[in-house]
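**Q** make a model of this:
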Amino acid sequence: MNSPLSPLIHLIDDDAAVRESLTLLIGTVGLRVQAWASPQEFMAQFDRGSIGAIVLDVRMPGTSGLTVLEKLAAEGVDQPVIMLTGHGTVEMCRRAFKSGAAEFLEKPVDDQQLLDTLQAAVQKHVRSRERNRDDRDARERHAQLSAREREVLGLIVAGLTNKEIGRALGVSPRTVETHRASLFAKLGAESLAQLIRRYAALVEDPD
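**A** Numbering: from 1, shown residues only. Below you'll find the predicted structure:
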């Protein structure tokens, strides 16, 4: 059974036959699919926080796929969008990529090309969400540090030893070691390399 948190592919196309065939195709690689007959219905019910990708037909009655793509970009939606069209032009392709499309494929789309594109897009989106989660966690942990702990962290990242940090701050090496232990505990770091890798950027720009 698929987890509700597993990647979801949103398929928007006004052609029922295309929706059915692509839903079946995408399902062969284990991806969940939510098919939409109209852009309006999709935009009204789309969960911006979901993980996955969007397959969007360019030519549809009322609202074109390119217009939907531009609206998604304006809202800051981060799901990768794969555009499909049966009558592509250079200008159409240029506009799509300018608005952030991950790929622009012509119908009849090659099955394997679509599947490869979708799987790569989903993997990229999952990694992006994981990085964002880790960055958010790092900022929250960094905010828990005292002013002195932030000073010590900055000097550790700069490469100073406990003795050098103690001299710089006018405290004993033992006090520095206490702050250091507190830092590792609060930041959840298991090694010096991990602490530096995770938090060097935050020391430079804690906001």
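**Q** how about residue 72, nearest residue that isn't a chain neighbour?
**A** Excluding the flanking residues, the one nearest residue 72 by CB to CB, 6 or more residues apart in numbering is residue 81, at 6.5 Å. Heads up, the C-betas are built off the backbone N, CA and C, glycines and all.
**Q** now do residue 111
**A** residue 25 (5.7 Å).
**Q** re the thing from before, list the contacts of the residue nearest to residue 72.
**A** 53-56, 69, 72, 100-102 (CB atoms under 8 Å, 6 or more residues apart in numbering).
**Q** make it 7 Å
**A** Counting by CB atoms under 7 Å, 6 or more residues apart in numbering, residue 81 makes contact with 54, 56, 69, 72, 100-102.
**Q** which one (most neighbours) among these?
**A** The member of the contacts of residue 81 surrounded by the most neighbours (other CB atoms under 10 Å) is residue 54, with 28 neighbours in all.
**Q** and that residue, that one's in a strand?
**A** Yes - using DSSP: H, G, I helix; E, B strand; the rest coil, the assignment for residue 54 is a strand.
**Q** just list what the longest helix seen in the chain packs against, helices and strands only.
**A** When every helix of the chain is counted residue by residue (DSSP state H), the longest turns out to be helix 111-143. Counting contacts by 3 or more CB pairs under 7 Å, 6 or more residues apart in numbering; DSSP states H and E, helix 111-143 is packed against strand 52-57, strand 81-85, strand 103-106, helix 192-204.
**Q** just for this protein, where's the confidence low?
**A** Within the chain, the stretches with pLDDT under 70 are 1-5, 198-207.
**Q** residue ranges of each domain in it, please.
**A** 8-133, 144-204 (automatic domain parsing).
**Q** run the chain-centre distance for the shortest one.
**A** I take that to be domain 144-204. Distance, stretch centre to chain centre, for domain 144-204: 30 Å (CA atoms, centre = their mean, to the nearest Å).
**Q** and the longest one, by the same measure?
**A** Between the centre of domain 8-133 and the centre of its host chain there is 16 Å, according to CA atoms, centre = their mean.
**Q** residues of stretch 180-195 that come out buried?
**A** Buried residues in stretch 180-195, defined by neighbour count with 16 or more other CB atoms under 10 Å: 180, 183-184, 187, 189, 195.
**Q** in CSV: the residues you listed, plus secondary structure and distance to residue 143.
**A** Shown next, in CSV, are the buried residues of stretch 180-195 (DSSP: H, G, I helix; E, B strand; the rest coil; distance: CB to CB, whole Å):
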residue, secondary structure, distance to residue 143
180, helix, 19
183, helix, 14
184, helix, 17
187, helix, 11
189, coil, 16
195, helix, 16
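**Q** and which of those residues is nearest to residue 141?
**A** Using CB to CB, residue 187 comes nearest to residue 141 of these, at 5.1 Å.
**Q** what sits closest to that closest one if chain neighbours are left out?
**A** Here the residue nearest residue 187, using CB to CB, 6+ apart, is residue 141, at 5.1 Å.
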